[in-house]
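> give me coordinates for this.
(chains A and B)
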Amino acid sequence: MPSYYPKNVEPKWQKFWLEHKTFRCPDGDHSKPKYYILDMFPYPSGQGLHVGHPEGYTATDILARYKRMRGFNVLHPMGWDAFGLPAEQYAVQTNTHPRITTAQNVANFRRQIQMLGFSYDWDREIDTTDPKYYRWTQWIFVQLYNTWFDADSKRGRPISELPIPADIAAKGEAAVAEYRNEHRLAYVAEIPVNWCEALGTVLANEEVINGRSERGNHPVIRIPLRQWMLRITSYAERLLDDLNTVDWPEPIKEMQRNWIGRSEGAEVDFRIADPNETVEEIREWLEERKTHGFPRRPEEKIIRVFTTRPDTLYGATYMVLSPEHPLVDSITTADQFVEVEAYRRQASAKSDMDRTELAKEKTGVFTGAFAINPANGESIPIWIADYVLMSYGTGAIMAVPAHDERDYEFAEKYDLDIVEVVADPTDTPALLLQAYRWLGEWERRREKGEVEGYIKVALILNAAVDVESFLEDREEHEGDNLWAEVDLFEDKDGPDMGVAVSFIEEDFSDVLPIYFEQDPDTEVLILSFEPDEHDHDHDDEEFEDSGYQELMEENETAGLDDDDDIPSAPYTSEGIAIDSGPISGLPTRDAKRIMISWLDAKGLARKTVNYKLRDWLFSRQRYWGEPFPILFDESGLHQAVPESELPITLPDVEDFKPTGRPEPLLAKATDWGVIERGGKKYRRELNTMPQWAGSCWYYLRYIDPLNESAPWDPAKENYWMPVDLYVGGAEHAVLHLLYSRFWHKVLFDLGRVHSAEPFQKLVNQGMILGEIEYTGFKVNGEWVDAAKIDISEFDGERVKLTESQITKTGDRFTLIDNPSIGIDARAAKMSKSYGNVINPDVVVDEYGADSLRMYEMFMGPLEATKPWSMKGVEGVWRFLNRVWRAIINSDAEEQSLVPEITSASAPTRDQLRMLHLTIRGVTEDVEGLRFNTAISKMMEYVNFLSRESSRPKEVVEPLVLLLSPFAPHMAEELWQVLGHQTTLAYEPWPTFDPALCEADEIEVALQINNKVRSKIVLPANVTDEAILDAAHKDEKILAATAGKQIVKSFVVSSRNGKLVNFVVKG
RNA sequence: GCCGAAGUGGCGGAAUGGCAGACGCGCCGGAUUCAAAAUCCGGUUGAGGUAAUACUCAGUGUGGGUUCAAGUCCCACCUUCGGCACCA
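The predicted structure follows:
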């Protein structure tokens, strides 16, 4: 076989590798450095491999092969994430056991993957549906079940170490068990699920579209069901913090951070106003709070809210409770009862989807009750609305319509008060803000008793400040007590304008310097100060001394809502607090802090951290998943089955049709579901685990896949972990990666693994799109310009066009014979329905696995999204042919080398230089995962070699080694023909000599004002002075600079060469 | 709406702040061939210019800025793609 024919070469080597176990990963030998390189294992679907799979697999395979040649022990395994919905849906339709479908699909995937020549250690293949595997998935669940999170040490600890409070212990066994259950990382809760009556089954979120089932379009409602939950929220902080310790793409980290959604803020308690309460009672409560501080759980009649903007508390003009909030019942007044109940019913009937759909218009109902704003003592109405979610924060908010989009919208609709308490610093002249800061600071100092009295200050307006707008602002604040004492004056000697503000003061000397650091446009002058008995109406002492009712009355007259200036849109950014008592004048950041400590001192608020992350709903009402190793006794109390009984294997059932009731499919296995032990009856947990379970820890099982006595051997874990490189699609950026990190951390706390993070480096491969398609649009047989229609809505005729029918006109594509008709050019996601899916089998059949591998790497950067091109595959196929022909004699009958390859003649200096440049380039690119440029460097080298009439083995064999990770079949074949008896998989990777990379002469570009005007060739070792000297003498430079002045000159050395730039004037 | 990524020839894409367009595809021309495929050689950003070589100017989504020098750094904006969904 003289010419390159992959079908002869590839199966031969695949068989060789399998038979010789070439890639078996050494287990006992821990003397060499290790490299654990992991692919996200696939779900073996019925469709078989997609060209997206081999992209990541090829990348990791190249690196695995490269690392082996660099002397590493490489762990590079593959397995199957084989539990899941599609196999079960197929079972429902055909009554084929998912085990059978799964086995078929796995066999097909394995065949396809092996046909691509990946160097996996097939002795480590795992399958999440294998009881020998899921035995340990169940085992890990038991570990989670038997662990509680100790908030003090911030780590998981055995449940046996959970301290039991005396009052619980006193209540007896059952109470203690319940207390423990409340603290386990795996716990039971009632959680709403998507129940579809018509299909008789519970649906996953992705099976529900617009509140109806994906299949059949039946209505779906939310009903509560008993579910297993995992307490991932306890680990939120560590999951967030430890992102800083791993080498992952920043966008992925960012997505995880957003998902965890840490927000700092405060919990603030609002007291529900009760007209029957006396001032004395309220005083007592305030006193109580002041002494004992903010309680862990609020008392009755207290609404606790979470806010990220405690600085806007003065602007909280109403409250909103989630419709599910437990306090709604008790606070709703008789005349609002009917309306509130109706709203709650309506809200609960809606699925999340529906809520979101209808969310365009905010709705809500007044409860009839009022609460007291703890900052200003104002009485504000309490509403319920479904835009407030019970699952986030405390299920209640203080609404600040002036500074929150949703609150604003709601307030507008229901005509609630809007009070501005944050000023936009870009809208207000700097000077005004300056004054506010002054006032705020002064207030605080005065409050602390550090200063007394009033001061009068002057703020000098620089001429650059817009005086007009400043005056306007001043006008607006005329009624504001802070500005009551402002006087304007003009500086006699200049254009400066001044403002005088009266303040309270006694000794200002220690305050002053702070402010000189500020905006250079403004200056602060002290004009005078006068101890004064000014009637200042900012007195929060008054708030504490009076009861709420008194305050309420006061506010009716002196209230804050006398400001009719309602903004047209909420200002949601940070700014400067205004009209906010002790925090007035402070920038948001400080305002938050001061507000919290102010209220904290009164026991009315506390700084808290909230996470968007919710506990992980861990049970499914499906068949094809891991059974829970849990038993319920007759009283309904749960316990884990003993480790010795694992695995709890999946029972066979008669059929896979839904139960018709919202209960798990395993209820059909009636014999299996009930067991007897010691004369007592137990029920098994009938839910199964979600697909995430098996994939949460598979990387650990690869380390020791056959171990029957433990999930893995600690010594092996210690050697191999963590994973050095993990490659997979970005679709797993959040969930899979977050869930495995969570499990890993629990295992870490329990001392089962030694690293806090499982995946040291993560790389996301990009998506591969279908071929680019050009589409023209016709209405009634007439072409229409693509720019004039909405392509996604277009329902006329779509015409697929070939490249010969189109041209580029300006910056868009048009018909070649009518440039006014724009057409659409895009690459679409591969999808079966769109019919643009590329099947790897077909590509391998036509071009071979090496070409497929090479093309996928040559397409572009690994992380990028890029369109497929069959022509591109052909391009790399032609390259492989060139390599072949450069080495193997295509004219000969027998396989033999081309006559150009000799061991007789020595390589030329030029050949060596090209070789070493190539080795350097390819090595660096492989290390940096830049496979596309690595390939182009090999192409350049092959183009060079092909032209050489003599090709000494010394410059050919390294090429074969460089190529081998990319096109391993061909490389092995060439290696053999070159006279080697063994596989090249463990040959040392070629090294380069930097000295040989250097050329004797270099070309120096000569620039004048950054334009290349000439080029000169100089010896490689030339000095900068000599270069400059030669440049000055260059004819073209002399001509171009004649009569002009060279102002400056630069000599630059870069990796690409050297250049000179003359800056010339005149 | 929010978050993230990306905009460079006809296409995929290269370019530690230093000669934009490497490498590949496509196209054009040539060689080889009875012919075709394959292969090999040359050309291929645009505009001007020349018999031709030369040469000149413009050019990395748009507008500003920093710098001797910007595809690359900074600011604002536009477009496309991906993800999220009332998160207080």
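> what's the distance between A:Lys290 and A:Gly603?
5 Å (CB to CB, to the nearest Å). From N, CA and C alone the C-beta is placed, and that goes for glycine too.
> what do you get for A:Asn1056?
68 Å.
> in the stretch 501-650 of chain A, what spans have low per-residue confidence?
In the prediction, the stretch 501-650 of chain A carries residues with pLDDT under 70 at positions A:501-567.
> tally of neighbours for the residue of the stretch 501-650 of chain A found nearest RNA strand B?
As assessed by CB to the nearest atom of the strand, RNA strand B sits closest to A:Lys612 within the stretch 501-650 of chain A, at 3.5 Å. A count of nearby residues for A:Lys612, using other CB atoms under 10 Å, gives 15.
> that one contacts A:Ile260, doesn't it?
Yes: here A:Lys612 reaches A:Ile260: they are 6.8 Å apart, a contact under CB atoms under 8 Å.
> what bits of the stretch 101-250 of chain A have low per-residue confidence?
Judged by pLDDT under 70, the stretches of the stretch 101-250 of chain A that qualify are A:205-211, A:214-215.
> who in it is up against RNA strand B?
Taking CB under 7 Å from any atom of the strand, the part of the stretch 101-250 of chain A that reaches RNA strand B is made up of A:Glu250.
> what segments of the stretch 101-250 of chain A are helices?
A:131-145, A:166-170, A:173-183, A:236-241, A:250-260 (DSSP state H, counting those that start in this stretch).
> right, so these: which one is the most enclosed?
helix A:131-145 (a mean of 21; mean count of other CB atoms under 10 Å).
> in the stretch 51-200 of chain A, what residue is nearest RNA strand B?
Counting by CB to the nearest atom of the strand, the stretch 51-200 of chain A gets nearest RNA strand B through A:Glu55, at 12.4 Å.
> which ones are touching that residue?
A:765-766, A:768, A:856, A:862 (CB atoms under 8 Å, 6 or more residues apart in numbering).
> who in the stretch 801-950 of chain A is up against RNA strand B?
A:803, A:808, A:826, A:829, A:858-861, A:864-867, A:869, A:871-872, A:874-876, A:878-879, A:881-882, A:930, A:932-933, A:935-936, A:939-940, A:943, A:946-947.
> buried subset of the residues you listed, written for PyMOL?
A single PyMOL command is used to select the members of those judged buried by 16 or more other CB atoms under 10 Å:
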select buried, chain A and resi 858+859+866+867+869+872+876+879+882+930+932+935+936+939
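> just the pLDDT at the residue positioned nearest the centre of chain A, thanks.
Residue closest to the average C-alpha location in chain A (CA atoms, centre = their mean): A:Met255, at 1.5 Å. With respect to pLDDT, A:Met255 has a value of 85.
> just for the stretch 251-400 of chain A, where's the confidence low?
Those would be A:349-360, if you go by pLDDT under 70 across the stretch 251-400 of chain A.
> so where do the strands sit in the stretch 101-250 of chain A?
Remark: strands assigned in the stretch 101-250 of chain A by DSSP state E, counting those that start in this stretch are A:126-127, A:147-150, A:155-158, A:186-196, A:201-203, A:208-209, A:212-213, A:221-230.
> those strands: which one's closest to A:His744?
The closest of the strands of the stretch 101-250 of chain A to A:His744 is strand A:155-158. By CB to CB, the value is 11.4 Å.
> in the closest one, what counts as buried?
A:155-157.
> between those residues, which sits nearest A:Ser584?
Closest to A:Ser584, out of all of the buried residues of strand A:155-158 and judged by CB to CB, is A:Arg155, at 43.3 Å.
> that closest one and A:Leu747 touch, don't they?
No: using CB under 8 Å, A:Arg155 makes no contact with A:Leu747, being 11.6 Å away.
> roughly how far does the residue of the stretch 51-200 of chain A closest to RNA strand B sit from A:Glu10?
Using CB to CB, we find A:Glu55 at a distance of 19 Å from A:Glu10.
> outline the domain layout of chain A.
In terms of domains, chain A is parsed into A:31-139+A:692-765, A:157-183, A:262-423+A:535-611, A:425-527, A:768-829, A:840-996, A:999-1065 (source: automatic domain parsing).
> nearest to A:Leu650, out of those domains?
domain A:31-139+A:692-765 (8.0 Å).
> what's the first-to-last distance across that closest one?
For domain A:31-139+A:692-765, the first-to-last residue distance is 32 Å (CA to CA, to the nearest Å).
> can you give me how far it is from the chain middle?
Mean C-alpha position of domain A:31-139+A:692-765 versus that of the full chain (CA atoms, centre = their mean, to the nearest Å) differs by 21 Å.
> let me know the helix or strand that the nearest residue to A:Tyr682 once chain neighbours are set aside is in.
Leaving aside its sequence neighbours, A:Tyr682 sits nearest to A:Leu631 (CB to CB, 6 or more residues apart in numbering; 4.1 Å). Take DSSP states H and E as the rule and A:Leu631 turns out to sit in strand A:630-632.
> that strand: partners in the sheet, and parallel or antiparallel?
If you go by DSSP bridges, strand A:630-632 pairs up with strand A:638-640 (antiparallel), strand A:680-684 (antiparallel).
> which residues touch the first one?
Right, strand A:638-640. With CB under 8 Å, 6+ apart, strand A:638-640 has contacts from A:142, A:145-146, A:181, A:188, A:629-633, A:685.
> spit out the contact partners of the residue nearest to A:Thr96 when sequence neighbours are not counted.
Closest residue to A:Thr96 apart from its sequence neighbours, by CB to CB, 6+ apart: A:Tyr90 at 6.4 Å. By CB under 8 Å, 6+ apart, the contact set of A:Tyr90 is A:46, A:96, A:98, A:101.
> the residue nearest to A:Ile223 when sequence neighbours are not counted: neighbour count?
Closest residue to A:Ile223 apart from its sequence neighbours, by CB to CB, 6+ apart: A:Trp195 at 4.5 Å. Close neighbours of A:Trp195, defined as other CB under 10 Å, add up to 21.
> surely A:Trp195 and A:Pro219 touch.
No: in this structure, A:Trp195 is not within contact of A:Pro219 by CB under 8 Å, at 9.8 Å.
> buried stuff in the helix or strand hosting A:Arg283?
In the assignment (DSSP H and E), A:Arg283 maps to helix A:279-292. Neighbour counts over helix A:279-292 (16+ other CB under 10 Å) mark A:282, A:285-286, A:289 as buried.
> check stretch A:185-201 too.
A:185-188, A:193-196, A:199, A:201.
> next one: that stretch to chain centre, how far?
Distance of stretch A:185-201 from the chain centroid (CA atoms, centre = their mean) equals 27 Å.
> and the strands in the stretch 801-950 of chain A?
A:806-809, A:812-815, A:818-822, A:824-829, A:866-867, A:901-902.
> helices or strands up against the third one?
By that I understand strand A:818-822. strand A:782-784, strand A:812-815 (3 or more CB pairs under 8 Å, 6 or more residues apart in numbering; DSSP states H and E).
> of all the residues in the stretch 401-550 of chain A, which one is nearest RNA strand B?
For the stretch 401-550 of chain A, CB to the nearest atom of the strand, closest residue to RNA strand B: A:Arg406, 4.8 Å.
> isn't there a helix covering that residue?
Yes: counting by DSSP: H, G, I helix; E, B strand; the rest coil, A:Arg406 is found in a helix.
> distance check, the nearest residue to it once chain neighbours are set aside against RNA strand B.
In space, and not counting its chain neighbours, A:Arg406 is closest to A:Tyr387: 5.5 Å by CB to CB, 6+ apart. From A:Tyr387 across to RNA strand B, the span is 3 Å (CB to the nearest atom of the strand, to the nearest Å).
> and A:Tyr387, how many neighbours?
Neighbours around A:Tyr387, by other CB under 10 Å: 16.
> show me which residues of the stretch 951-1066 of chain A sit near RNA strand B.
Going by CB under 7 Å from any atom of the strand, the residues of the stretch 951-1066 of chain A near RNA strand B are A:1003-1005, A:1007, A:1009-1013, A:1015, A:1048, A:1050, A:1052-1057, A:1059, A:1061, A:1063.
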